[in-house]
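Asks: Sequence first, then the predicted structure, then my questions.
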Amino acid sequence: MSETVRVYHNVRCSKSRSACALLQEKGVALEIVEYLKTPPSRAELAEIVRKLGVPAESIVRTGEDIYKSDYKGRSLSEDEWLDALAAHPILIERPIVVRGERAMVGRPPEKVLELF
C-alpha cells in the first residue's frame, strides 16, 4: 500500500501499540504522531472529529485526573471541548487512526481494520 496512514499514538498505551502492530502486519505505511510530545492543533482536532463523525466530547478520556478535576459534570460546547483537548492532549482518546477522509478510534485495536 502506498498510502500513508496517520496514527495518533501513545507509546505507553497497550491498545495504541496493538493497533500499530496490527496495521504494520497488514503492510500499512504508518505516520506515527506521539500526540503527547507533538499535540495536534485545535484545527487538526476539529478535522479529526469531523473525519470520525463524532462530537469532540466522545474522544475525551474521562478517567484522566485533569478531566475529573476540571471537566467532569460540566456541559461544554463543541468549541469548548476542542479547546480542552488542545489544551490538555492527555484527554485525547487513543489511538486515533486517520486514513484519507475517514478516521477510527482503535478501541478495541481491531476496529482500525475497518478503515481498509
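Replies: Happy to help now that I have it. All figures in this text were calculated on a predicted structure; none of them were measured in a lab.

Asks: beta partners of the most centrally placed residue in the chain?
Replies: The chain has residue 96 as the residue nearest its centroid, 3.3 Å off, counting by CA atoms, centre = their mean. Per DSSP bridges, the residues bridged to residue 96 are residue 8, residue 105.

Asks: wait, what's in contact with it?
Replies: 7, 8, 48, 52, 59, 103, 104, 105, 106 (CB atoms under 8 Å, 6 or more residues apart in numbering). Backbone N, C-alpha and C define where each C-beta goes, glycine included.

Asks: Quick check, pLDDT for the second one.
Replies: Translated: residue 8. Residue 8 is assigned a pLDDT of 98 by the prediction.

Asks: where's it relative to residue 58, distance?
Replies: Going from residue 8 to residue 58 by CB to CB, to the nearest Å gives 15 Å.

Asks: cool, the last one as well?
Replies: Distance check for residue 106 against residue 58: by CB to CB, it reads 14 Å.

Asks: more neighbours, those two?
Replies: Using other CB atoms under 10 Å, the more surrounded residue of residue 106 and residue 58 is residue 106, with 27 against 12.

Asks: wait, the more buried one sits on residue 97?
Replies: Yes - between residue 106 and residue 97 there is a contact at 5.8 Å, judged by CB atoms under 8 Å.

Asks: where do the helices sit along this structure?
Replies: Per DSSP state H, the chain carries helices over the ranges 14-25, 42-52, 65-70, 78-87.

Asks: can I get these in a markdown table with mean neighbour count?
Replies: Shown next, in a markdown table, are the helices of the chain (neighbours: other CB atoms under 10 Å):
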| stretch | mean neighbour count |
| --- | --- |
| helix 14-25 | 17 |
| helix 42-52 | 17 |
| helix 65-70 | 12 |
| helix 78-87 | 17 |
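
Asks: looking at those helices, which is closest to residue 34?
Replies: helix 14-25 (9.7 Å; CB to CB).

Asks: returning to what we had before: please name whichever of the helices of the chain is nearest to residue 110.
Replies: Between the helices of the chain, helix 14-25 lies closest to residue 110; by CB to CB that is 6.7 Å.
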